[in-house]
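Visitor: Quick one, fold the following:
(2 chains)
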Amino acid sequence: MIKWGRFLLFLVVVALLGTLMATTTTQVAKNITLGLDLQGGFEILYEVEPLEANHPVDIELLKSTAHMIEKRINIGGVAEPVVTTELPNRIRVQIASQSADQDKLRELIGRPAVLTFRDESGKTILRGSDLAPNGAAVGYDDLKRPLVTVKFSDAKKLEDVTRANLHKRMAIYLDENLQTNPTIQAVITGGSAQITGNYTQESAQELADLLNSGAMPAKLTEKQVTSVGATLGALALQKTVYAGYIGAALIFLFMLFVYRMPGMIANITLAGFTYFCMVVLDWMHATLTLPGIAGFILAVGIAVDANIITYERIQEEIRSGKTILSAFRAGERRSLITIIDAHVTTLIATGVLFYFGTSSVQGFAVVLAMTIIVSIITNVFGSRFLLWLVVRSNMFKKPFWFGVKESEIGEL
Amino acid sequence: MSFNAENTVVRFDIVKNRRKFFIGSSVIIILGLLFILFSGMHLGVDFKAGTRLDLFIGKQFNPEDVETVIKQEVPDVVFTKVTPYGTNQAFTRFDQTISSDTMMKLETALKKKFGDQVTKQVSSVDPAIAREMVKKAAIAVSIAAIGIVIYIAIRFQWLFGIATVIGLIHDVFIPIALFSVFRLEVDITFIAALLTILGYSINDKIVIFDRIRENLRTMKSKTIPDLEHLVNVSLWQTMRRSVYTVATVFFTALALAVLGSESIRNFSLALLFGLVSGTYSSIFIAAQIWVNLKERNMKKKNG
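Guide: Down below sits the predicted model:
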């Protein structure tokens, strides 16, 4: 007797899943952050050295340096940089963006930007740290040429210094670069001074921003650089996604051909698996990289394997002469422990890799662990539920539907 | 409930021939070791330090023209022959790290020569970092292996754990050896590929060991011939699954290797090598090592 209710429920579940995927996939895919290898951008590992030789590099220094790097990247107009500190003395900067002017940003980040005012003998008399918070701004001279005005927090100090050096030259240095070398004409009492030079509106604004963001508390050396041009990144993404489609199509056809009806269900859950993995990636704000996509291919393999193990088991039971329903029950029960074992072992491996691995290995481990958990939900339990509905609907009672030939069935 | 086992057709006595597989694998491993010792690995910049430059030229070009520009802009630095790939891309490698200023100048010069569509991908690693990365990758893989033995030893049995790990070492070694033989570049994605292989290979071995364990409960295996029959039966019961699973992943990896991006070509190749060696070793090495270990145990108990 055919039980239409069960089959209808099956159709409803599949239709709901289909609708969900059809309406939201594009949006979900768009939300996923692509790694710099897929959209262009760069990653730099800096080694942090203290400015003064005897100052130790501690977590405080690392953090404040990282904070400063972020500030400067924002000056460069790039949103959402990823700046992470790595003990004992490293900072990793990742910027995935098509538009960022990579070389300019790198230069901006690496500049210590220590502002010093020096007297004629070269002695530093004032420092950037004497500046008032947000004390630098763009101003204009009488000829409307841009210049940078700086306000000091301690007007008295500036007054003392200018008095002591009256009618002498005071050089203004940014790092070791002389900016301007004016003669002090009068004692400055208000706490405000000016830096003139050959500035354009833009470069004056950049200098002002740089001064306001303060001096980089440490010296940065580039130790490892990966930079990907936008065209190359897009090309890599396009090619890899295309290859992924072909691979998926092969798996779909294979499953359908070998396992027929259960194969169809495996394909449905596999599509669901891919979709939910994307959703979770989006939730986790994880960044999808090329190795990530490749790791995902393995996850598809493990997910398909869960179906293959179950279906092979069911086929075995059918061949041994059981009815479809009891073959389904036995096959399901006996394959579950195997699949869980295999998933848990892999999960443990990912845990170990996460704990001991470097950052790229960690990213790989997280994505793999996520896919394994999603696979248990979709391709183990989801697929079982759907298959159960179909089997219980009593519509597919012939072994043919399970990819078993009548002649293969032995006598009980 | 042993009807399944009795009905299983053992098309080829794997267990009886296991010595041949051991010898075969040993020969391959020794050859691989010799290759690695004498010709070394072709290390990419991730592990060796230097700068790799990938160029998207965007139209037909002559690699020698690119070399001329490089020689002009980056004098006195040794670099490998500019190798074209795809229809309009190429890469080269510098023996030392190149500063961003120099790279910028080089890009400008290339744009002048080939047009504004030229883009570059640069990857540059300091020697100290390169050494550290090799060390960390090796440590992560070893600790993962130890973790797996412990889990399997607890979940299954000590002997399964040992057999699994020997199989895993086999599976990780084969792609390394093949990369040395074919002079393929080893970079950080290769490590990711090895980890992927590790994951897949564990999965594969667990499935087979699970079936052996299950049959141990339902079939009698008091004598050595019994045990050998049991393992044969278990292997043939899971054979279709082993072949089908590796086939599905294999074709996907093949699609990636042939059609995918250049930067994961080596990853996909490593995956292909690892998939085949993983499936092979699960059946012909790991399971057989378990038979050997188990038999030694049985002899000790009986004798």
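Visitor: which residues sit in contact with B:D54?
Guide: A:L232, B:Q89, B:A90, B:F91, B:K120, B:Q121, B:V122, B:S123, B:E262, B:S263 (C-beta atoms under 8 Å, 6 or more residues apart in numbering or on different chains). Placement of C-beta: from N, CA and C, glycine included.
Visitor: And it, how far from A:V228?
Guide: Separation of B:D54 from A:V228 (C-beta to C-beta, to the nearest Å): 8 Å.
Visitor: Name the residues contacting each of these two.
Guide: B:Q121.
Visitor: Show me where the stretch 101-250 of chain A dips below the pLDDT cut-off.
Guide: By pLDDT under 70, the weakly predicted segments of the stretch 101-250 of chain A are A:101-102, A:112-113, A:213-217.
Visitor: Show me which residues of stretch A:383-395 are buried.
Guide: A:S383, A:R384, A:L386, A:L387, A:W388, A:L389, A:V390, A:V391, A:R392, A:S393, A:M395 (16 or more other C-beta atoms under 10 Å in any protein chain shown).
Visitor: what would those look like in a markdown table with pLDDT?
Guide: Conversion of these to a markdown table gives the following (pLDDT from 0 to 100):
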| residue | pLDDT |
| --- | --- |
| A:S383 | 91 |
| A:R384 | 90 |
| A:L386 | 90 |
| A:L387 | 90 |
| A:W388 | 89 |
| A:L389 | 89 |
| A:V390 | 87 |
| A:V391 | 86 |
| A:R392 | 85 |
| A:S393 | 83 |
| A:M395 | 76 |
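Visitor: so of the residues you listed, which ones are in strands?
Guide: Among the buried residues of stretch A:383-395, DSSP state E puts none in strands.
Visitor: ok, so of those, who is nearest chain B?
Guide: A:S383 (15.1 Å; C-beta to the nearest C-beta).
Visitor: now the spatially most central residue of chain A: how far from chain B?
Guide: Central residue of chain A (C-alpha atoms, centre = their mean): A:T287, 2.8 Å from the mean position. To chain B, A:T287 is 15 Å away according to C-beta to the nearest C-beta, to the nearest Å.
Visitor: A:V280 now?
Guide: Counting by C-beta to the nearest C-beta, the gap from A:V280 to chain B is 18 Å.
Visitor: what's that residue in contact with, if anything?
Guide: Here A:V280 is in contact with A:M370, A:V374 (C-beta under 8 Å, 6+ apart).
Visitor: try B:G50
Guide: If you count contacts by C-beta under 8 Å, 6+ apart, then B:G50 has B:R93, B:F94, B:D95, B:Q96, B:T97, B:S124, B:V125 around it.
Visitor: related to what we said a few turns ago, who does the residue nearest to the centre of chain A form a beta bridge with?
Guide: A:T33 (DSSP bridges).
Visitor: hey, what's whatever residue of the stretch 1-150 of chain B ends up closest to chain A bridged with?
Guide: Here the stretch 1-150 of chain B gets closest to chain A at one residue, B:T119, 2.9 Å apart by C-beta to the nearest C-beta. Following DSSP bridges, B:T119 is listed with bridge partners B:F56.
Visitor: Which pLDDT value does the model give it?
Guide: Note on B:T119: pLDDT of 81.
Visitor: so how many other residues sit close to A:T183?
Guide: Burial of A:T183 is recorded as 10 neighbouring residues (other C-beta atoms under 10 Å in any protein chain shown).
Visitor: ok, and the closest non-adjacent residue to it?
Guide: A:R169 (5.3 Å; C-beta to C-beta, 6 or more residues apart in numbering or on different chains).
Visitor: Return the distance of the top helix by length along chain B from the chain's centre.
Guide: Assignment by DSSP state H gives helix B:224-259 as the longest helix of chain B. The chain centre lies 17 Å from the centre of helix B:224-259; the measure is C-alpha atoms, centre = their mean, to the nearest Å.
Visitor: Next secondary structure after it?
Guide: Once helix B:224-259 ends, the next helix or strand along the chain (criterion: DSSP states H and E) is helix B:265-281.
Visitor: isn't B:F250 right next to B:G274, touching?
Guide: No. With contacts counted by C-beta atoms under 8 Å, B:F250 stays clear of B:G274, the gap being 10.5 Å.
Visitor: Those two - which one has more neighbours?
Guide: B:G274 (24 against 19).
Visitor: low-confidence ranges in the stretch 201-303 of chain B?
Guide: Confidence mapping of the stretch 201-303 of chain B against pLDDT under 70 gives the ranges B:303.
Visitor: List, one by one, the residues from it near chain A.
Guide: B:202-203, B:206-207, B:210-211, B:214, B:237-238, B:240-241, B:244-245, B:247-249, B:251-256, B:258-264, B:267-268, B:271 (C-beta under 8 Å from any C-beta of the partner chain).
Visitor: Which residue would be the closest one in the stretch 51-200 of chain A to chain B?
Guide: A:D103 (4.7 Å).
Visitor: Report the separation between that residue and B:I98.
Guide: 13 Å.
Visitor: Do a quick rundown of the helices in the stretch 1-150 of chain A.
Guide: Along the stretch 1-150 of chain A, counting by DSSP state H, counting those that start in this stretch, helices occupy A:4-31, A:36-39, A:59-75, A:102-110.
Visitor: Give me the three-state assignment for the closest residue to chain B within the stretch 301-412 of chain A.
Guide: Nearest residue of the stretch 301-412 of chain A to chain B (C-beta to the nearest C-beta) works out as A:G301 at 3.5 Å. Look at A:G301: counting by DSSP: H, G, I helix; E, B strand; the rest coil, its state is helix.
Visitor: What is the burial count for it?
Guide: 26.
Visitor: Low-confidence regions, the stretch 1-150 of chain B specifically.
Guide: Within the stretch 1-150 of chain B, the stretches with pLDDT under 70 are B:1-8.
Visitor: Return the residues of it in contact with chain A.
Guide: Counting by C-beta under 8 Å from any C-beta, the stretch 1-150 of chain B sits next to chain A at B:3-4, B:7, B:54, B:56, B:58, B:89, B:100-101, B:103-104, B:117, B:119-126, B:128-129, B:133, B:136-137, B:139-140, B:143-144, B:147-148.
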